[in-house]
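Asks: Following is a predicted model, sequence given first.
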Amino acid sequence: MNFLSDVNYLSVIVAAVVSMAIGAAWYGGLGKQWMAAAGLKPEDIEQRASLYIISAICQLIIAVVLFGVIFHVGTFSVYAGILTGFLLWLGFVVPTMTVNHRFQGHGWDLTVIDGGHWLVVLVVQGLILGWMGA
């Protein structure tokens with residue numbers, strides 16, 4: 001078993017596309033609160049195609065790495081995928097964002113908004129990857 005040859009690339013693409021949709025819905029609904037928490041004004045936000053391209057590439061990377069972690073756990077199931085996504089969020093994403101946001105002088109509201117987004121993304125990606133399997 002070689003991880004890269006066993007990647008289910010269809011599941012990775014589906015997980016990344018769904019993650020982009022989650023981000024659009026999450027920040028579409030919480031955009032005003034997020035801008036306030038981040039100390040931004042609407043005129044500070046510049047919509048560029050490159051931002052979405054970078055975001056899509058990063059979502060693909062996250063999905064491949066999450067697939068790899070589930071692969072190395074050894075069990076592809078919805079439960080394993082959800083649990084793996086949650087644990088990675090809890091152990092890596094939340095602590096990293098917490099440190100960054102504290103040093104950047106942002107309040108907990110930004111951490112909750114961004115952290116909630118990444119929780120949903122990782123859990124849903126884990127669900128998709130665990131369900132679609134290797």
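Replies: Happy to help now that I have it.
Asks: OK, contacts around His106?
Replies: Going by Cβ atoms under 8 Å, 6 or more residues apart in numbering, His106 touches Ala37, Ala38, Gly39. In this view, the C-beta of every residue, glycine as well, is placed from N, C-alpha and C.
Asks: what's in contact with stretch 54-71?
Replies: For stretch 54-71, contacts defined as Cβ under 8 Å, 6+ apart pick out 3, 6-8, 11-13, 15-17, 19-20, 23, 76, 80-81, 84-85, 88, 121-122, 125-126, 129-130, 134.
Asks: Could you tell me which ranges of the chain sit under the pLDDT cut-off?
Replies: For the chain, the stretches with pLDDT under 70 are 1-3.
Asks: for it, what's the longest helix?
Replies: Looking across the chain with DSSP state H, the single longest helix is helix 9-38.
Asks: quick one: buried residues of it?
Replies: Within helix 9-38, the residues scored as buried using 16 or more other Cβ atoms under 10 Å are 11-12, 14-16, 18-19, 22-23, 26, 30, 34-35, 37-38.
Asks: Check which helices and strands the helix or strand harbouring Leu110 sits against.
Replies: According to DSSP states H and E, Leu110 maps onto helix 108-132. Judged by 3 or more Cβ pairs under 8 Å, 6 or more residues apart in numbering; DSSP states H and E, helix 108-132 is in contact with helix 9-38, helix 49-73, helix 78-88, helix 94-103.
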